[in-house]
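In: when you get a sec, could you give me coordinates for this:
(one chain, ligands or ions: 1)
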Amino acid sequence: MTVVTRFAPSPTGFLHVGSARTALFNWLYARHHGGKFLLRLEDTDRKRSTEEAVSAIIDGLRWLNLDWDDGIVRQSERMERHAEVAQRLLKESKAYHCYCTPEELAEMRDAARERGSPVLYDGRWRYRDPSEAPTHVSPTVRIKSPLSGETVIKDHVQGTVTFANQQLDDMVLLRSDGTPTYMLSVVADDHDMGVTHVIRGDDHLNNAARQTILFQALGWTVPEFAHVPLIHGADGAKLSKRHGAVGVEAYREDGYLPEALRNYLVRLGWSHGDDELFTTEQAVEWFDLNHLGRGAARFDVDRLQNVNVHYIQRAQDDRLVEMIRDRLAKRCGRDLRDRDLERLKAAMPELKPRSKLIPELIENSLFIIHDRPIEIDEKAAKLLTLDAKSLLRDLAEVLETLEDWNQSTVETAIRGYVAEKEIKLGSVAQPLRAGLTGRTISPGIFEVLTILGKEESLGRMSDAVKA
Ligand code: GLU
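Out: From the prediction side, this is the model:
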């Protein structure tokens, strides 16, 4: 059997990290088995579905590198097929027309509530003769649910879950305006798309029982289910906006790398021993349904950040430069020149370990592309005392004589200089850093000199001395 999974979001907002995790689990499971991962937009709620949300989902999946097979299925385009499935059930007497008015249904619901019964519909039109049908009411179509026995879900996460059929009333398949209900659409689509495994949030566990009844009525194979506990926030409540950013887009904007978010999300609710960091290949190789946790996983931004640090350090220098160039250009109000890009690339090995997130990397890179005279921040300016300036003037003369400008020659020259003057390296390095970067924190001073090159370094030193 070829494994076919699907991600079936309702495009009504941004791509929630919980949904992204659902997509990821489905993607991993399909890739692990060399099967298919399909994307279906459950956009039948025309009022709530927007094209903007569709784009957010697609962009988010692409950014996370979760590629889907075949074309995107739009549930709204399959309504005729859904209605056809309902008609088949009617023909086979497995479904019936229900002519209840909204008032009657409301009465039934109130009565059920009073009895404390989950059965909201009493099945009255299941037994009535259609000749009794009122002419002024457009009927709905309801399924004849089994009246006794049990519906059993063998869930990969929840174990065996048993529903008493008496508790499940005859659900509506087609509304009185002929439109299919969510339950019917999901079942018809999962069947037609050949879905073998449904991995989704455990908020759909009750739906699984109703969907199973429908699959069985149609004589279709019921897919395997894995209902994963929803992600919670640090306080143990379901992850929501209250906890901070919950959209994939927000993490992208905040400068997380897609592979970091992906790695973090795999571990939220699934485990492979104590492994925290793994490559996509490893995740694909190891992923299974047996190690999905039954308890709710907690979203922990600090942990995510640590994962991000790991991936930034491993990211290719070129890629990081590409990622930051537009935002850097915006920050300094001009396009980046080739020279800037070269310097940035050369600086990446030094900057990467100092940056947890992309915005931090941008901050740390700014000094490289500032035009002279560079802006010196307040803290850095305090380091440029008169004494410090005279040291820098002196040191500039020494550095001027260097013919070869590289990390080792500048280091030897500066160490030689402080030894001769019998001063500490810090007393030169601190003001030098202030003059070269305009800040008090930067990569190592020898690296900064090397990154900037001789001309720019000496130019900045001379600006600092004059300031
Ligand atoms: N459209 C549903 C949702 O976004 C998912 C339905 C399913 O996976 O069966 O929650």
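In: alpha carbons of stretch 165-183, in CSV - could you do that?
Out: The C-alpha coordinates for stretch 165-183 follow below in CSV (Å, rounded to 0.1, in the frame of the first residue of the first chain):
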residue,chain,number,x,y,z
ASN,A,165,-23.5,4.6,18.4
GLN,A,166,-26.6,5.5,20.4
GLN,A,167,-24.8,8.7,21.2
LEU,A,168,-24.2,9.7,17.6
ASP,A,169,-27.3,11.0,15.9
ASP,A,170,-28.1,11.1,12.2
MET,A,171,-25.8,13.8,10.9
VAL,A,172,-26.7,16.1,8.1
LEU,A,173,-24.9,15.4,4.8
LEU,A,174,-26.6,18.0,2.6
ARG,A,175,-28.1,21.2,4.0
SER,A,176,-31.5,22.4,2.8
ASP,A,177,-29.8,24.6,0.2
GLY,A,178,-28.1,21.5,-1.2
THR,A,179,-24.6,22.4,0.0
PRO,A,180,-22.6,19.6,1.5
THR,A,181,-21.6,19.6,5.2
TYR,A,182,-18.0,19.5,6.4
MET,A,183,-18.3,15.9,7.5
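In: average pLDDT for it?
Out: The pLDDT scores in stretch 165-183 average 95.
In: list the buried residues in that stretch.
Out: For stretch 165-183, the neighbour count (16 or more other Cβ atoms under 10 Å) marks 168-174, 176, 180-183 as buried. (Glycine included, C-beta is placed from N, CA and C.)
In: over to stretch 221-230?
Out: For stretch 221-230, by 16+ other Cβ under 10 Å, it's 222-230.
In: what residues does that stretch touch?
Out: Stretch 221-230 is touched from outside by 18, 21-22, 25, 153-158, 190-191, 195-205, 208, 211-212, 215-216, 238-239, 269, 289, 292-297, with contacts defined as Cβ atoms under 8 Å, 6 or more residues apart in numbering.
In: near the ligand, which of the residues you listed show up?
Out: 200, 204 (Cβ under 6 Å from any ligand atom).
In: in helices, which of the contacts of stretch 221-230 fall?
Out: 18, 21-22, 25, 190-191, 205, 208, 211-212, 215-216 (DSSP state H).
In: in ChimeraX, how would I select the buried members of the residues you listed?
Out: Selection command for ChimeraX covering only the buried members of the ones in helices among the contacts of stretch 221-230, criterion 16+ other Cβ under 10 Å:
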select :18,21,22,25,190,191,205,208,211,212,215
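In: same list (the ones in helices among the contacts of stretch 221-230) but as JSON lines, adding pLDDT.
Out: Below are these laid out as JSON lines (pLDDT from 0 to 100):
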{"residue": "G18", "pLDDT": "96"}
{"residue": "R21", "pLDDT": "98"}
{"residue": "T22", "pLDDT": "98"}
{"residue": "F25", "pLDDT": "98"}
{"residue": "D190", "pLDDT": "98"}
{"residue": "H191", "pLDDT": "98"}
{"residue": "L205", "pLDDT": "97"}
{"residue": "A208", "pLDDT": "98"}
{"residue": "Q211", "pLDDT": "98"}
{"residue": "T212", "pLDDT": "98"}
{"residue": "F215", "pLDDT": "98"}
{"residue": "Q216", "pLDDT": "98"}
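In: related to what we said a few turns ago, what is the most widely separated pair among the buried residues of stretch 165-183?
Out: L168 and S176 (21.5 Å; Cβ to Cβ).
In: how close does S442 get to R334?
Out: 22 Å (Cβ to Cβ, to the nearest Å).
In: before we move on, what about L432?
Out: Distance from L432 to R334, by Cβ to Cβ: 26 Å.
In: same check on S117?
Out: For S117 relative to R334 (Cβ to Cβ), the value is 71 Å.
In: which phi and psi does L39 have?
Out: With angles defined as degrees, to the nearest 10, L39 sits at phi -120, psi 130.
In: once you drop chain neighbours, what's closest to it?
Out: Among residues not flanking L39 along the chain, W68 sits closest, at 4.0 Å (Cβ to Cβ, 6 or more residues apart in numbering).
In: same deal with I72?
Out: Per Cβ to Cβ, 6+ apart, closest to I72 is L39, 5.0 Å.
In: that neighbour touches G60, doesn't it?
Out: No. Checked against Cβ atoms under 8 Å, the pair L39 and G60 is beyond contact range at 11.6 Å.
In: please point out which parts of the helix or strand E104 falls within sit buried.
Out: Assigned by DSSP states H and E, E104 falls within helix 102-115. Using 16+ other Cβ under 10 Å as the test for burial, helix 102-115 gives 105, 108, 112.
In: would you reformat those residues as a markdown table and include pLDDT and distance to L395?
Out: Output for the buried residues of helix 102-115, formatted as a markdown table (pLDDT from 0 to 100; distance: Cβ to Cβ, whole Å):
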| residue | pLDDT | distance to L395 |
| --- | --- | --- |
| L105 | 92 | 87 |
| M108 | 91 | 89 |
| A112 | 87 | 86 |
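In: filter the residues you listed by proximity to the ligand?
Out: Within the buried residues of helix 102-115, nothing lies near the ligand by Cβ under 6 Å from any ligand atom.
In: with those in mind, which one is nearest to the ligand?
Out: Distance to the ligand, by Cβ to the nearest ligand atom, is smallest for L105 among the buried residues of helix 102-115, at 24.6 Å.
In: excluding chain neighbours, what is closest to the closest one?
Out: Using Cβ to Cβ, 6+ apart, the nearest residue to L105 is Y121, at 7.2 Å.
In: swap in F446?
Out: That would be E411: by Cβ to Cβ, 6+ apart, it lies 4.5 Å from F446.
In: what does the helix or strand where G426 lies contact?
Out: Using DSSP H and E, G426 maps to helix 425-437. Contact partners of helix 425-437, identified using Cβ under 8 Å, 6+ apart, comprise 367, 374, 376, 380-381, 383-385, 388-389, 391-392, 395, 414-415, 417-418, 439-440, 442, 445, 448-449, 452, 457, 460-461, 463-465.
In: and with 7 Å instead?
Out: Helix 425-437 has contacts (Cβ atoms under 7 Å, 6 or more residues apart in numbering) with 367, 376, 380, 383-384, 388, 391-392, 395, 414, 418, 440, 442, 445, 448, 452, 457, 460-461, 464.
In: restrict the residues you listed to those near the ligand?
Out: Counting by Cβ under 6 Å from any ligand atom, no member of these reaches the ligand.
In: buried subset of these as a ChimeraX selection?
Out: Selecting only the buried entries of those in ChimeraX, with 16+ other Cβ under 10 Å as the criterion:
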select :367,376,380,383,384,388,391,392,395,414,418,442,445,448,452,457,460,461,464
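In: where's the spatially closest residue to A209 that is not a sequence neighbour, which helix or strand?
Out: Among residues not flanking A209 along the chain, F163 sits closest, at 4.2 Å (Cβ to Cβ, 6+ apart). Assigned by DSSP H and E, F163 belongs to strand 159-164.
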